[in-house]
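# sequence and predicted structure below; questions after.
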Amino acid sequence: ELGATGVLFDRSYENPKINLFKHAITPWNINNLLTAHSSTDIAVLSLDIDFNDYHVLKAMVDGGVLNLDGLKLIICEYNSHLDPTEKKTVPY
């Protein structure tokens, strides 16, 4: 035991033994889901929500649920074919 815990959300699957809960994540429900299923003291956050990572992360920050002081790493998908100096998001 390294003292780490985690919670997983998936649109299609659920397995409470490993803290995997069946939920479709949106910017409107992420804060309630995190509060209900885990601590908001997150050190490593991994997002893979096709095209909506930015919107969900923004909702977490704006909602005050994500403690930025304790956050060490964010892992999320990106499009390597886009110019990294250009700001682009897909409308939600």
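Good, I have the coordinates.
# residue 70 versus the residue nearest the centre of the chain, what's the distance?
Nearest residue to the geometric centre of the chain (Cα atoms, centre = their mean): residue 47, 4.5 Å. Applying Cβ to Cβ, to the nearest Å, the value for residue 47 to residue 70 is 17 Å. The way it works is simple: take the backbone N, C-alpha and C, and place the C-beta from them, glycine included.
# so what's the residue nearest to the centre of the chain up against?
Residue 47 makes contact with 53, 56-57, 74-77, according to Cβ atoms under 8 Å, 6 or more residues apart in numbering.
# change it to 7 Å
Contacts for residue 47 (Cβ atoms under 7 Å, 6 or more residues apart in numbering) come out as 53, 56-57, 76.
# also residue 52?
residue 92.
# what separates it from residue 22, distance-wise?
Distance from residue 52 to residue 22, counting by Cβ to Cβ: 18 Å.
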